[in-house]
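A.B. asks: sequence-free structure coming up:
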């Protein structure tokens, strides 16, 4: 988005080039990374729970930032399209809609973690996939109406003169600051902070209580309860990191908007550019956060990337591939096209690519090739050397 109204054409050409250099890698990472998140939840049954349904919703919003919001921002940065007021208005409103959907999804995640920690027994009865999907649908509907308010009339008036697609020339900044930031962004963030504060207080209380039960006790129920509490605490901590990074990425842009409205000072565009880029970069960060902080996601990402990428490479060179989706051991069995021996008899070679459970020490990739002219055979094994 272009927040500048007084930059020279030379300045703007530099901003356009710089925007392309920064935003295109972010868009690619946001799309591919969040596709991987959705694929992981679909592929690994252990990840199919209510919390991860909300994470998938967040991943879809982040993926749409890479597919739509960033290209829209690059067009607006170049002051395109010209003389298409309502199209420009829609493009800018759509970006606000995606931001709002992410915020409301983070609220849903925080509340989900709150009930999982504070009321674990009741949570397991009422937290179903159907209810989660209903909440997700509600968050997207509310976000749509909040983001599309400018299309309903709260925007700067159009005129007969030539219109350049400039964010501040189209969107009423009173809407962005007083309605969007103070009314629809800041309150949810405050709610999220208070909820997580309560979560960690409850986790601290439970850990102390369980520690007294487990010490000197061989009761399996107490031990399972302790493991469950620590698991929920770890999940809450990981998701709190996601929310903290979201706030750090988006608040600078909202603060600049607020300064431009409530004070006579208008921040220059060279301050807006990194703030806008940082807000978009948030959409590419979450998959990396999941990979580094969640062992199940990390394991699934590795299996998906290594196993399916390898099998597809083998398939591209003319092999017939059949894949096994046993999560504990991923494998594909590949047969080369028929070869003919010296007698003219057709033969085939096979290759097996396997990702096995972790070993104590990494085993290097091995390729065993039978040099027989009649029936060559090879086996390719990929071993995950990480101890989980």
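C.D. replies: Received, thanks. Here the structure is a predicted model, which is why all the values come from computation and not from measurement. Numbers count the residues shown, from 1 in each chain.
A.B. asks: and the closest residue to residue 99 other than its chain neighbours, what does it touch?
C.D. replies: Nearest residue to residue 99 in three dimensions, chain neighbours excluded: residue 250, at 7.0 Å (Cβ to Cβ, 6 or more residues apart in numbering). From N, CA and C alone the C-beta is placed, and that goes for glycine too. For residue 250, the contact set (Cβ atoms under 8 Å, 6 or more residues apart in numbering) comprises 99, 185, 279, 282.
A.B. asks: host element of residue 250?
C.D. replies: Using DSSP states H and E, the element containing residue 250 is helix 220-262.
A.B. asks: next structured bit after that helix?
C.D. replies: Criterion used, DSSP H and E; the element after helix 220-262 is helix 269-293.
A.B. asks: how about residue 133, nearest residue that isn't a chain neighbour?
C.D. replies: That would be residue 53: by Cβ to Cβ, 6+ apart, it lies 6.8 Å from residue 133.
A.B. asks: how much space between the one you found and residue 154?
C.D. replies: Going from residue 53 to residue 154 by Cβ to Cβ, to the nearest Å gives 33 Å.
A.B. asks: could you count how many residues lie near residue 122?
C.D. replies: Counted by other Cβ atoms under 10 Å, the residues lying close to residue 122 total 11.
A.B. asks: check the one 3 residues further on too.
C.D. replies: By the criterion of other Cβ under 10 Å, residue 125 has 8 neighbours.
A.B. asks: residue 258 touches residue 177, doesn't it?
C.D. replies: Yes - with contacts counted by Cβ atoms under 8 Å, residue 258 reaches residue 177, the gap being 5.1 Å.
A.B. asks: before we move on, the earlier item: wasn't the residue nearest to residue 133 part of a helix?
C.D. replies: Yes - per DSSP: H, G, I helix; E, B strand; the rest coil, residue 53 lies within a helix segment.
A.B. asks: for the stretch 151-300 of the chain, which spans come out with low pLDDT?
C.D. replies: Scanning the stretch 151-300 of the chain for pLDDT under 70 picks out 158-162, 211-233.
A.B. asks: can you rerun that using 50?
C.D. replies: For the stretch 151-300 of the chain, no stretch is flagged by pLDDT under 50.
A.B. asks: against residue 168, how distant is residue 267?
C.D. replies: Taking Cβ to Cβ, one finds residue 267 at 11 Å from residue 168.
A.B. asks: ugh, typo on my part, it should be residue 249
C.D. replies: Distance, residue 249 to residue 168, by Cβ to Cβ: 21 Å.
A.B. asks: may I have the phi/psi pair for residue 78?
C.D. replies: phi -90, psi 10 (degrees, to the nearest 10).
A.B. asks: which element is the closest residue to residue 239 other than its chain neighbours on?
C.D. replies: With Cβ to Cβ, 6+ apart as the criterion, residue 239 has its nearest non-adjacent residue at 5.6 Å, and that residue is residue 109. According to DSSP H and E, residue 109 maps onto helix 85-118.
A.B. asks: output the contacting helices and strands for that helix.
C.D. replies: helix 50-64, helix 70-77, helix 120-126, helix 129-147, helix 167-170, helix 186-214, helix 220-262 (3 or more Cβ pairs under 8 Å, 6 or more residues apart in numbering; DSSP states H and E).
A.B. asks: in it, which residues are buried?
C.D. replies: Residues 85, 88-89, 91-118 are the ones in helix 85-118 that count as buried (16 or more other Cβ atoms under 10 Å).
A.B. asks: stretch 284-293 now?
C.D. replies: Applying 16+ other Cβ under 10 Å to stretch 284-293 flags 284, 285, 286, 287, 289, 290, 291, 293 as buried.
A.B. asks: report the contact partners of the third one.
C.D. replies: When the contact criterion is Cβ under 8 Å, 6+ apart, the partners of residue 286 are 33, 34, 37, 58, 59, 62, 242, 245.
A.B. asks: mind doing that once more with 10 Å?
C.D. replies: 30, 33-34, 37, 55, 58-59, 62, 102, 241-242, 245-246 (Cβ atoms under 10 Å, 6 or more residues apart in numbering).
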